[in-house]
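Chemist: sequence below, structure please.
(one chain, ligands or ions: 2)
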Amino acid sequence: MKITNARIIVCSPGRNFVTLKIETDEGLTGIGDATLNGRELSVAAYLTEHVIPCLIGRDPHQIEDIWQYLYKGAYWRRGPVTMTAIAAVDTALWDIKAKAAGLPLYQLLGGKSRTGVMVYGHANGSDIEHTVDEVLRYADMGYKAIRAQSGVPGLEKVYGVGKGSLFYEPADADLPSEHDWSTEKYLRHTPKLFERIREKLGEEHHLLHDVHHRLTPIEAGRLGKSLEPYNLFWMEDATPAENQESFRLIRQHTTTPLAVGEIFNSIWDCKELIENQLIDYIRATVVHAGGITHLRRIADLASLYQVRTGCHGATDLSPVCMGAALHFDLSVPNFGVQEYMRHTDETDAVFPHAYTFDKGMMYPGDVPGHGVEIDEALAAKYPYKRAYLPVNRQQHDGTLWSW
Ligand SMILES: O=C(O)[C@@H](O)[C@@H](O)[C@H](O)[C@H](O)CO
Ligand SMILES: [Mg+2]
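Modeler: Ligands and ions are numbered 1, 2, ... in the order given. Next up, the predicted model:
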């Protein structure tokens, strides 16, 4: 089999997505997600100008050789743009290989290791009571695991609190919108949020929270300790993780489980974290960490240290990524949980898919491949519209902070 063509499809059914489609001389096609929120066209150009010319004529079955060719051959290794581009190629090639075998992708990854994939939903509200109501609503929808984010008294806009109640899209403006931040207000508020949630929800559901890179290590240790009575499933992105060693300080102060890694793009970003058991869940995902091929390497390293997967699954990861991730999740031995932020109806229409949700679990489906396609005619009706993620500034003096 030979690759005869590869194309980039950029569309915006409610938010921007970049999709790579690979075509072969046997009529089989495969698609991969190449979406990098707020920097979409950089990956589209990287693929179009620098990757696709190297793919034409290659055997699509040679997934590992193509992965190494694109990783080592670029000379300039790693980084979110490069690894998202490689991920899109990798995902499309696994899609083709599984279609050629007439099998759902998970069967090529070792088959089922579980009956289904436990997912967590996003409950968010403008204040504690609104957030509690949203958490209870997600519990009523059957979610076993629920992430809770709420507005913070005295702060106008914070991460994780959307406008709607089911869909949340942070990339909301033609230039970055500005959020304000106060660590003290957040640290005073958050334990009260989880105390109230546990009061109303009870202990049966897993609760998760995303700190979103906004604390220093010692502040994260303080928050983790204050949340221990509420038995969180995880506290995510507690501090910026460029310095992997900084998680040791958090570990020394709290038993609240730690998750990190949605912005990681290679195993090197998390090697120390995993080998020193400084985290409990690794959030790296198919679209930003080099595809199925590299994510399996990260998961295998993690399994040696009892670290489990918790793949990122926000709305800026397309249904193509979600579909591929669910096949990975169904098979990987050290699975933890899969994030599932539901896409809008127009997004789901552009990306018809086989995966389903039922009572807090998801199932990738059993069609050959990863089970997601793209309706190119419909995609063409949603042209790209530049959108940036927000920036964050300290409320008292305007210092630029992590969003
Ligand atoms: O855990 C999460 O889902 C968040 O961290 C994301 O919503 C993140 O803010 C977006 O993916 C950024 O594009
Ligand atoms: Mg996150």
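Chemist: so Gly162 touches Gly125, yeah?
Modeler: No. Between Gly162 and Gly125 there is no contact under Cβ atoms under 8 Å: 9.7 Å. In this view, the C-beta of every residue, glycine as well, is placed from N, C-alpha and C.
Chemist: looking at the two, which is more packed in?
Modeler: Gly125 (21 against 17; other Cβ atoms under 10 Å).
Chemist: what's near enough to touch the more buried one?
Modeler: Contacts here follow Cβ atoms under 8 Å, 6 or more residues apart in numbering; on that basis Gly125 touches Thr131, Val132, Asp133, Glu134, Ser150, Gly151, Val161.
Chemist: can you tell me the SS state at the fourth one?
Modeler: When the structure is reduced to helix, strand and coil (DSSP: H, G, I helix; E, B strand; the rest coil), Glu134 reads as helix.
Chemist: pull the CA atoms of stretch 189-207 into PDB?
Modeler: Extracted C-alpha coordinates of stretch 189-207, given in PDB (Å, rounded to 0.1, in the frame of the first residue of the first chain):
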ATOM      1  CA  HIS A 189     -12.600  29.800  48.400                       C
ATOM      2  CA  THR A 190     -11.700  26.300  47.000                       C
ATOM      3  CA  PRO A 191     -11.800  24.200  50.200                       C
ATOM      4  CA  LYS A 192     -15.300  25.700  50.900                       C
ATOM      5  CA  LEU A 193     -16.400  24.600  47.500                       C
ATOM      6  CA  PHE A 194     -15.400  21.000  48.000                       C
ATOM      7  CA  GLU A 195     -16.800  20.900  51.600                       C
ATOM      8  CA  ARG A 196     -20.200  22.000  50.300                       C
ATOM      9  CA  ILE A 197     -20.000  19.600  47.300                       C
ATOM     10  CA  ARG A 198     -19.300  16.600  49.500                       C
ATOM     11  CA  GLU A 199     -22.000  17.700  52.000                       C
ATOM     12  CA  LYS A 200     -24.600  17.600  49.100                       C
ATOM     13  CA  LEU A 201     -23.200  14.800  46.900                       C
ATOM     14  CA  GLY A 202     -21.800  12.300  49.500                       C
ATOM     15  CA  GLU A 203     -18.800  10.200  49.000                       C
ATOM     16  CA  GLU A 204     -19.800   7.900  46.200                       C
ATOM     17  CA  HIS A 205     -18.600  10.000  43.300                       C
ATOM     18  CA  HIS A 206     -15.000  10.800  42.200                       C
ATOM     19  CA  LEU A 207     -14.300  14.600  42.400                       C
END
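Chemist: so for it, what's the average pLDDT?
Modeler: Per-residue pLDDT over stretch 189-207 has a mean of 98.
Chemist: which residues of the stretch 301-403 of the chain fall in strands?
Modeler: Using DSSP state E, counting those that start in this stretch, the strands of the stretch 301-403 of the chain run over residues 308-309, 338-339, 356-358, 361-363, 391-394, 400-401.
Chemist: these: which one's closest to ligand 1?
Modeler: Checking the strands of the stretch 301-403 of the chain against ligand 1 by Cβ to the nearest ligand atom gives strand 338-339 as the closest, at 5.7 Å.
Chemist: for that closest one, packing partners?
Modeler: strand 117-125, helix 319-331 (3 or more Cβ pairs under 8 Å, 6 or more residues apart in numbering; DSSP states H and E).
Chemist: ranking those by burial, who's on top?
Modeler: Sort those by mean neighbour count, taking mean count of other Cβ atoms under 10 Å, and helix 319-331 sits at the top with a mean of 29.
Chemist: near ligand 1 at all, that helix?
Modeler: No. Helix 319-331 does not reach ligand 1 (Cβ under 6 Å from any ligand atom); its nearest approach is 11.0 Å.
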